[in-house]
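Asker: My questions concern the predicted model and sequence given below.
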Amino acid sequence: MGAGIVTRPRQLLIGLDAMEWDLVRRWADQGKLPTFRRLMQEGMRAELSSTAAQLPDTVWAATYTGSNPARFQKYFYVQYDAATQGLKNVSDDGYKAEAFWDMLSARGKTVGVADPAKWPLSRSINGYQIANWGAHATKASRGTNPSELWSEVMSRFGEFPVRDCDAVDDNPKSQAKLRRDLLDGVRKHGQMFRWLMRERPAEVFYGAFSAPHCAGHHFWRFMDPEHPRYDPEDRNGFRSTMEEIYAAIDSEIGELIHAVGDGARVMCFAAHGMGPVYHASWNIPDILDLLGYGPDGIKKTATAQEEHEGSVNFWRMLKMIVPGKVQYAIKNSLPKAAQDKLLFLWYAGGQNWKGARAFAVPNNDAVGSIRIAVKGRDKYGVVEPGEEYRRIVNDIRDAFQELTDPVTGRSVVSMVTLTHEAFQGPHIDNLPDITVQWDQTFAWQHLQSPRIGVLKIRRQDGRTGSHTSRGFVVAAGQGIPVGATETGRSIYDIAPTILECAGVPIPESMDGKPLPAKQAMTA
């Protein structure tokens, strides 16, 4: 090789959908995740702030593009529509921004991408992509580029073992099958990734493991002694499920590192985590009504001790009762318009929003969202833009920050975000105006404040785990500082790090910056 020629390391990128950093560190320290332990010893680590604190469904889009949610046409699959003051179903094909693999492709880099979470199929990739073969809850069309790759994948690996994990019933037999399928899915993902790396070598390979996401939603309570539904006797043997899945992924990553060979840079990252689910998102309409922002506009007078019963969505409770297989059989037999109608009822009931100054709109359960009905922006808008809008969002923010658990006295709200202050981009007016991240570190069933009294809430979720707002990255290999711990980092930093390692210019529009590393070698 001639003097002065710059060489770039191959990149092995592993996505870990909703893998929890606290569990990774704990089990790595205990020697149960030897690959992660070795990567942390030989490379660097960083906790990552995440848009899961406001809009959890945007975390992978923000990671792939290095951009904030106001740059996307989509923030959730059941999305508020300002033109109708109603709801619409938005697929992941609605994302039109460029992912890092498209940016690499445009510069002539070869890229392989397998099962990116919540992202559509690229039409211009310089290499290949597999979309929605085994990704969790991804609302993108299934397929490959090139198209013939799909038949190769299906003939060699068949269908992914887990499709709709929310179709699983809350009974031991169904949960045991889900555990087997998740572990089988981890193995199939690892096998497919290695096959792709061998048969279709690329300068940058990205593959994502989906199992931590589904496992966290359904098996969290079995391993968490603080959870109200924890079984101390572990009668069905599910306590070790999440540890087994994390260990299986750790083993597969070790095999992938061996397959990629020496001289590569390895980066494993999660865009958000997982923990128990305690929230009052379904009861935000009750809170707004008590504050006087509902359709009747009447502020309810209450003492700090006056108790109210939170409303219950019939459709949500029905979903908890009807067996999952029955639900999905009925759903799949209906035309799409009827499926959407049921979905909207589940998320927002009757959508009694006309005349309200503020109302709850769908978001991920761990984070509630509120829309202000602004004149000229929202159909049936009643709030003047400018000073009145600012006064209302500030008042609602303050009201939610006052909410506490009357049993412990602790706040039940971790953070309230005014999205117009937190994000910037051409689609900012599509976002909710306010997001409420609930405190999920302890169990609570009531919330209280001097302005609303005491509101008793009921569980309306089948899941026992939901998302935390922290991601992580662990990286090792050429140019990565050994034993380093980075602070103050974000999921926005992943895409620019990948581009810089490949020698591709970082767009000025990106909100992130590269992680520190020596980017190339000169021979």
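Answerer: Arrived safely, thanks for sending.
Asker: Okay, and residue 471 sits in which element?
Answerer: strand 470-477 (DSSP states H and E).
Asker: So which other helices or strands are in contact with that strand?
Answerer: With contacts taken as 3 or more CB pairs under 8 Å, 6 or more residues apart in numbering; DSSP states H and E, strand 470-477 sits against helix 21-29, helix 34-42, strand 44-49, strand 265-270. In this view, the C-beta of every residue, glycine as well, is placed from N, C-alpha and C.
Asker: so which of those is the most packed in?
Answerer: strand 265-270 (a mean of 26; mean count of other CB atoms under 10 Å).
Asker: Sheet partners, orientation included, of it?
Answerer: Partner strands for strand 265-270, per DSSP bridges, with pairing direction: strand 11-16 (parallel), strand 470-477 (antiparallel).
Asker: any chance of those in JSON lines, plus mean pLDDT and distance to residue 489?
Answerer: Listed next are the strands paired with strand 265-270 as JSON lines, based on pLDDT from 0 to 100; distance: least, CB to CB, whole Å:
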{"stretch": "strand 11-16", "mean pLDDT": "98", "distance to residue 489": "16"}
{"stretch": "strand 470-477", "mean pLDDT": "96", "distance to residue 489": "7"}
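Asker: Dump those into TSV; add mean neighbour count and distance to residue 224 as well.
Answerer: Formatted as TSV, these follow (neighbours: other CB atoms under 10 Å; distance: least, CB to CB, whole Å):
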stretch	mean neighbour count	distance to residue 224
strand 11-16	24	20
strand 470-477	25	17
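Asker: In TSV, list the ones you listed along with distance to residue 272.
Answerer: As requested, the strands paired with strand 265-270 are exported to TSV (distance: least, CB to CB, whole Å):
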stretch	distance to residue 272
strand 11-16	10
strand 470-477	5
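Asker: nearest to residue 286, of these?
Answerer: With CB to CB as the criterion, residue 286 lies closest to strand 470-477 of those, at 29.2 Å.
Asker: between the strands paired with strand 265-270, which one is nearest to residue 516?
Answerer: Residue 516 lies closest to strand 470-477 among those, at 10.3 Å (CB to CB).
Asker: Okay, angle between that closest one and helix 21-29 too, please.
Answerer: 40 degrees (axes from the mean of the first three to the mean of the last three CA atoms, to 10 degrees).
Asker: start the count at 228, not 1, going forward
Answerer: Shifting the count to begin at 228 puts that one at strand 697-704.
Asker: the inter-axis angle of strand 697-704 versus helix 261-269?
Answerer: Counting by the same axes, to 10 degrees, strand 697-704 lies at 70 degrees to helix 261-269.
Asker: Which residues does strand 697-704 contact?
Answerer: Strand 697-704 is contacted from outside by 236, 246, 248, 251, 263, 265-267, 269-277, 279, 286, 290, 490-500, 716, 718, 720-721, 742, 744, using CB atoms under 8 Å, 6 or more residues apart in numbering.
Asker: could you dump that strand to PDB, C-alpha only?
Answerer: In PDB, the C-alpha atoms belonging to strand 697-704 read as follows (Å, rounded to 0.1, in the frame of the first residue of the first chain):
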ATOM      1  CA  ARG A 697     -31.900   6.500  28.200                       C
ATOM      2  CA  GLY A 698     -30.000   4.700  25.500                       C
ATOM      3  CA  PHE A 699     -26.300   3.600  25.400                       C
ATOM      4  CA  VAL A 700     -23.400   2.900  23.100                       C
ATOM      5  CA  VAL A 701     -20.500   0.500  23.600                       C
ATOM      6  CA  ALA A 702     -17.800   0.700  21.000                       C
ATOM      7  CA  ALA A 703     -14.400  -0.900  20.500                       C
ATOM      8  CA  GLY A 704     -11.800  -1.300  17.700                       C
END
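Asker: roughly how far out does the strand or helix carrying residue 425 sit from the chain middle?
Answerer: Counting by DSSP H and E, the element that carries residue 425 is helix 399-426. Relative to its chain's centre, helix 399-426 lies at 20 Å (CA atoms, centre = their mean, to the nearest Å).
Asker: Please apply the same query to stretch 333-349.
Answerer: Centroid separation for stretch 333-349 versus its chain: 19 Å, with CA atoms, centre = their mean.
Asker: list the buried ones in it?
Answerer: Residues of stretch 333-349 classed as buried under the neighbour-count rule (16 or more other CB atoms under 10 Å) are 336-349.
Asker: and what of stretch 540-553?
Answerer: Judged by neighbour count using 16+ other CB under 10 Å, the buried positions of stretch 540-553 are 540, 542, 543, 546, 551.
Asker: One more: stretch 346-360?
Answerer: 346-349, 352-360.
Asker: And stretch 470-486, by the same measure?
Answerer: Quick answer for stretch 470-486 (16+ other CB under 10 Å): 470-481, 483-484, 486.
Asker: I'd like to know which of those are part of helices.
Answerer: Applying DSSP state H to these, the entries found in helices are 470-481, 483-484, 486.
Asker: follow-up on the earlier one: average pLDDT across the next helix or strand after the strand holding residue 698?
Answerer: Per DSSP H and E, the first helix or strand lying C-terminal to strand 697-704 is strand 711-717. Averaged across strand 711-717, pLDDT comes to 95.
Asker: ok, now stretch 370-390?
Answerer: In this model, stretch 370-390 has an average pLDDT of 96.
Asker: what about it, how long is it end to end?
Answerer: With CA to CA, to the nearest Å as the measure, stretch 370-390 spans 15 Å from end to end.
Asker: Flag every buried residue along that stretch.
Answerer: Using 16+ other CB under 10 Å as the test for burial, stretch 370-390 gives 371, 372, 376, 377, 379, 380, 387, 388, 389.
Asker: Help me confirm that the third one comes into contact with residue 358.
Answerer: Looking back up the chat, that one is residue 376. No - if you go by CB atoms under 8 Å, residue 376 and residue 358 don't touch, sitting 10.5 Å apart.
Asker: among the helices and strands of the chain, which one scores worst on average pLDDT?
Answerer: strand 748-749 (a mean of 40; mean pLDDT, DSSP states H and E).
Asker: State the phi and psi torsions of residue 505.
Answerer: In terms of degrees, to the nearest 10, the main-chain angles of residue 505 are phi -130, psi 120.
Asker: wait, isn't it in contact with residue 669?
Answerer: Yes - counting by CB under 8 Å, residue 505 touches residue 669, with 7.2 Å between them.
Asker: more crowded one of the two?
Answerer: Comparing residue 505 with residue 669 by other CB atoms under 10 Å, the one with more neighbours is residue 505, at 22 against 13.
Asker: dump the residue contacts of the nearest residue to the more buried one once chain neighbours are set aside.
Answerer: Closest residue to residue 505 apart from its sequence neighbours, by CB to CB, 6 or more residues apart in numbering: residue 667 at 5.1 Å. Counting by CB under 8 Å, 6+ apart, residue 667 touches 502, 503, 504, 505, 506, 593, 641, 693, 695.
Asker: So which of those residues belong to strands?
Answerer: Those of these mapping onto strands are 502, 503, 641, 693, per DSSP state E.
Asker: neighbour-wise, which of those leads?
Answerer: In terms of neighbours by other CB under 10 Å, the ones in strands among the contacts of residue 667 top out with residue 693 at 26 neighbours.
Asker: show me where pLDDT drops low in the stretch 278-427 of the chain?
Answerer: By pLDDT under 70, the stretch 278-427 of the chain contains no weakly predicted segment.
Asker: can you put the helices and strands packed on strand 697-704 in a markdown table and add mean pLDDT?
Answerer: Output for the helices and strands packed on strand 697-704, formatted as a markdown table (pLDDT from 0 to 100):
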| stretch | mean pLDDT |
| --- | --- |
| helix 248-256 | 98 |
| helix 261-269 | 97 |
| strand 271-276 | 97 |
| strand 492-497 | 98 |
